[in-house]
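Asker: what follows is a predicted protein model with its sequence.
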Amino acid sequence: MNSSFKPKNLGEPRLAHSFKDTDGVAWASLESTRNRMKFHALAIAAICVFVLERTSIAEVRTVAERNENPTARFKFKNLSGPAKNDAAAKARFTIVDGTADGNGGSVDKLHDGRVPTDEDQPSENFFFRAGSDGGRILIDLGSVIEIGQINTYSWHPTTRGAQVYHLYGSDGQGDFNAQPKRGTAPEQCGWRLVAKVDTRPAAGENGGQYGVSISETIGRYRYLLFDIFPTEQADAFGNTFYSEIDVLDLHAPEAAETVAAQTIEHVFETDGGKYRITIDTTAAPDLTEWVDRELAPVAQGWYPRIVRLLPSEGYEAPSQVAIVFRDGMTVPAAASGGRISCNSRWFSQNLKGEARGAVVHEMVHIVQNYGRARRNNPNATSTPGWLVEGIADYIRWFLFEPETKGAEITQRNISRAKYDGNYRITGNFLNWVTEKYAKDIVQRLNAAARAGTYNEALWKNATGKTVQELGDEWKAFHQARLAANAESKINALTDEERK
Ligand SMILES: [Ca+2]
Ligand SMILES: [Zn+2]
């Protein structure tokens with residue numbers, strides 16, 4: 001939607017080097033939801049896109065948008081998404097001033113036709129070193145072209161999402177310096193200012209997925225110079241995570257192929273449309289077939305089952321679940337909010353083994369949603385981690401895949417058999433308490449954890465015994481079972497074996 005509201009001039013980036021405002025340069029800016037509310041006193045959703053009027057000097061149009069629904073597809077309402085085969089794809093990118101941050105990707109991440117699959121993925125972005133004032137990047141397109149559009153994309157959950165830069169162009173003629181460092185005004189050495197961009201909202205957070213599109217009469221250039229500034233100086237982490245820069249040749253024969261077109265996403269509904277599950281294998285296309293054949297039916301069947309297994313009063317489990325395969329994770333899988341991240345390498349090595357069960361475990365975390373206790377109840381007790389993981393592994397190993405016997409107590413792990421032994425050990429304990437004392441123990445524990453009222457008295461109320469007493473009894477049961485087994489094995493030795 002276009003807003004009639006005029007943003008106030010946000011001023012120059014606060015930096016040691018400041019630049020004079022040049023007449024006739026388009027500014028792009030975003031207002032925050034919060035700011036907008038002040039003007040309209042209406043709860044109009046999300047962020048608006050708007051264009052400042054152009055002046056007669058530079059016929060440049062700059063539009064910025066903060067994505068309301070940021071995903072790996074980088075699909076914007078009013079802007080085209082990142083392109084793969086644009087003129088920047090084969091251009092040369094050079095850092096003219098400033099230093100790349102070692103935690104990020106190289107400057108070539110800016111034109112590799114790829115974007116991050118998640119909101120905080122340093123390796124898939126380029127950003128200047130933490131604590132620095134940003135820097136300058138030169139793009140050499142190889143020859144002069146008539147530029148139709150220059151688009152820049154960024155993504156980060158906090159202040160490193162917004163974009164602040166000045167853009168210059170040159171055809172390289174005359175008294176030209178291709179690599180002017182900070183302190184040298186580009187206008188003095190053969191460059192022309194094309195646009196000034198600042199997508200920071202006047203108030204509120206800078207985080208999110210941003211797209212900026214500079215278009216209309218940009219001009220004929222071979223070189224582009226980005227002078228990039230941090231979005232804030234309050235801490236060292238103000239340098240924007242830039243994901244992609246596109247330069248579109250006005251006379252390019254075909255429309256640019258967008259990144260979104262290559263996104264591999266399988267979306268399905270379950271439980272009569274109540275839940276919507278998205279599985280994204282863009283980062284691991286080889287897994288797509290397995291996902292469709294093996295994982296999708298499990299997610300479809302088990303997400304609503306887990307919801308029914310873990311009810312509590314007035315609680316609605318997240319209705320949207322995203323399962324996203326990612327590169328470079330250090331753990332097999334993780335859950336946060338309604339999103340499950342899957343380590344694509346670990347999954348491809350465990351397709352026949354633990355892969356499906358790992359997703360079931362993470363789906364339990366999404367349904368558990370115990371973090372809400374602290375948000376809703378200032379006096380919330382915290383639920384011990386061993387119980388959170390124990391419930392996830394109880395559902396996984398005893399309800400989802402009991403046939404794998406993956407959470408048995410054996411001679412090998414009996415020494416670690418404590419009720420708070422975490423993961424599958426606690427899962428085994430919960431299964432034993434369920435069968436022996438209280439069919440609804442997991443439901444009770446879950447409801448308390450979600451409300452922020454978990455305490456040890458719960459065990460005694462449900463079973464008549466403390467959790468320590470239950471733990472001791474459970475361990476003694478397994479010790480006796482294992483001893484009897486060992487004995488029966490000895491007795492079962494054949495004559496041959498007895499020799
Ligand atoms: Ca990229
Ligand atoms: Zn877990």
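Answerer: Everything's here; your move. Ligands and ions are numbered 1, 2, ... in the order given.
Asker: what residues does stretch 99-116 touch?
Answerer: Residues from elsewhere that reach stretch 99-116 (CB atoms under 8 Å, 6 or more residues apart in numbering): 72, 74, 82-85, 88-89, 91, 93-95, 122-130, 132, 135, 137, 139, 153, 155, 239, 241-246, 259. (Each C-beta comes from the backbone N, C-alpha and C, glycine too.)
Asker: if you count neighbours, what's buried in it?
Answerer: Residues 100-101, 104-105, 107, 109-116 are the ones in stretch 99-116 that count as buried (16 or more other CB atoms under 10 Å).
Asker: next one: stretch 336-349
Answerer: For stretch 336-349, by 16+ other CB under 10 Å, it's 338-344, 346-347.
Asker: just stretch 377-395 next, same as before
Answerer: 380, 383, 386-395.
Asker: look at the residue nearest to Glu269 when sequence neighbours are not counted and give its secondary structure.
Answerer: Spatial nearest neighbour of Glu269, chain neighbours left out: Arg276 (5.3 Å); criterion: CB to CB, 6 or more residues apart in numbering. Three-state assignment for Arg276 (DSSP: H, G, I helix; E, B strand; the rest coil): strand.
Asker: on the pLDDT front, check Arg276 for me.
Answerer: On the pLDDT scale, Arg276 is placed at 93.
Asker: next: Glu216.
Answerer: For Glu216, the predicted pLDDT is 88.
Asker: check contacts around Asn125.
Answerer: Contacts of Asn125 by CB under 8 Å, 6+ apart are 104-105, 109, 116, 154-156, 241-243.
Asker: for these, which one is nearest ligand 2?
Answerer: Using CB to the ion, Pro116 comes nearest to ligand 2 of those, at 24.0 Å.
Asker: that closest one should be in a strand, yeah?
Answerer: No. Secondary structure of Pro116 (three-state DSSP): coil, not part of a strand.
Asker: now do the domain split for this structure, please.
Answerer: Segmentation of the chain into domains, based on automatic domain parsing, reads 18-249, 265-489.
Asker: in the helix or strand hosting Glu435, which residues are buried?
Answerer: In the assignment (DSSP states H and E), Glu435 maps to helix 423-436. In terms of neighbour count (16+ other CB under 10 Å), helix 423-436 has its buried residues at 423-434.
Asker: can you tell me what sits against the helix or strand just after that helix?
Answerer: Counting by DSSP H and E, the element after helix 423-436 in chain order, helix or strand, is helix 441-451. Contact with helix 441-451 is made by 309-313, 315, 368-370, 372-373, 377, 380, 383, 387-388, 391, 394-395, 430, 433-434, 438, 454-455, 458-459, 462-463, as judged by CB under 8 Å, 6+ apart.
Asker: again, but for stretch 392-411
Answerer: Contacts of stretch 392-411 (CB under 8 Å, 6+ apart): 302, 306, 309, 354, 356-357, 360-362, 364-365, 368, 417, 423-428, 430-431, 434, 442, 478, 482, 486.
Asker: cool, stretch 179-195 as well?
Answerer: Residues outside stretch 179-195 that contact it (CB under 8 Å, 6+ apart) are 17, 19, 22, 25-26, 28, 58, 60, 62, 94, 96-98, 133, 135-136, 138, 150, 166-170, 172-177, 214, 218-219, 223-225, 227.
Asker: span of that stretch from start to end?
Answerer: End-to-end distance of stretch 179-195 (CA to CA, to the nearest Å): 19 Å.
Asker: buried ones in it?
Answerer: 180, 182, 184, 186, 189-195.
Asker: take those residues and lay them out in CSV including pLDDT, distance to Val144 and secondary structure.
Answerer: Formatted as CSV, the buried residues of stretch 179-195 follow (pLDDT from 0 to 100; distance: CB to CB, whole Å; DSSP: H, G, I helix; E, B strand; the rest coil):
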residue, pLDDT, distance to Val144, secondary structure
Pro180, 98, 19, coil
Arg182, 96, 26, coil
Thr184, 97, 23, coil
Pro186, 97, 17, helix
Cys189, 97, 18, helix
Gly190, 96, 13, coil
Trp191, 97, 14, coil
Arg192, 95, 13, strand
Leu193, 95, 18, strand
Val194, 96, 14, strand
Ala195, 95, 19, strand
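Asker: and these, which is closest to Ala333?
Answerer: The shortest gap between Ala333 and any of the buried residues of stretch 179-195 belongs to Ala195, at 42.2 Å (CB to CB).
Asker: pick out the residue of the stretch 201-350 of the chain closest to ligand 1.
Answerer: Nearest residue of the stretch 201-350 of the chain to ligand 1: Glu244, at 4.1 Å (CB to the ion).
Asker: run a quick neighbour tally on that residue.
Answerer: The number of residues packed near Glu244 is 30, by other CB atoms under 10 Å.
Asker: so for it, what's the pLDDT?
Answerer: So, for Glu244, pLDDT stands at 97.
Asker: what is it paired to in the beta sheet?
Answerer: Tyr153 (DSSP bridges).
Asker: wait, isn't it in contact with Tyr153?
Answerer: Yes. Counting by CB atoms under 8 Å, Glu244 touches Tyr153, with 4.6 Å between them.
Asker: so what's in contact with these two at the same time?
Answerer: 74, 82, 115.
Asker: dump the residues you listed to a markdown table, plus pLDDT and distance to ligand 1.
Answerer: Shown next, in a markdown table, are these (pLDDT from 0 to 100; distance: CB to the ion, whole Å):
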| residue | pLDDT | distance to ligand 1 |
| --- | --- | --- |
| Phe74 | 91 | 10 |
| Pro82 | 93 | 7 |
| Val115 | 91 | 6 |
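Asker: how close does Ile118 sit to ligand 1?
Answerer: Heads up, residue 118 is Asp, not Ile. 14 Å (CB to the ion, to the nearest Å).
Asker: now that residue, nearest residue through space, not along the chain?
Answerer: Arg326 (6.2 Å).
Asker: do Gly301 as well
Answerer: Thr270 (7.6 Å).
Asker: any regions of the chain where pLDDT drops low?
Answerer: Segments of the chain classed as low confidence (criterion: pLDDT under 70) are 1-58, 254-256, 261, 490-499.
Asker: residues in it within reach of ligand 1, list them.
Answerer: Contact residues (CB under 5 Å from the ion) of the chain with ligand 1: 109, 112, 114, 244.
Asker: point out the most buried one among the domains of the chain.
Answerer: Highest mean neighbour count among these (mean count of other CB atoms under 10 Å): domain 18-249, with a mean of 19.
Asker: tell me which parts of this structure are close to ligand 2?
Answerer: So far as CB under 5 Å from the ion goes, the chain lies against ligand 2 at 389, 392.
Asker: what helix or strand is Val388 on?
Answerer: In this structure, Val388 sits in helix 385-394 according to DSSP H and E.
Asker: could you export the residues of the chain next to ligand 1 as CSV, including distance to Glu205?
Answerer: CSV is the format used below for those (distance: CB to CB, whole Å):
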residue, distance to Glu205
Lys109, 24
Asp112, 28
Arg114, 26
Glu244, 22
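Asker: ok, of those residues, which one's closest to Asp292?
Answerer: Arg114 (22.9 Å).
Asker: so how far is the helix or strand hosting Glu469 off the chain centroid?
Answerer: Assigned by DSSP H and E, Glu469 belongs to helix 467-491. Mean-position distance between helix 467-491 and its chain equals 45 Å (CA atoms, centre = their mean, to the nearest Å).
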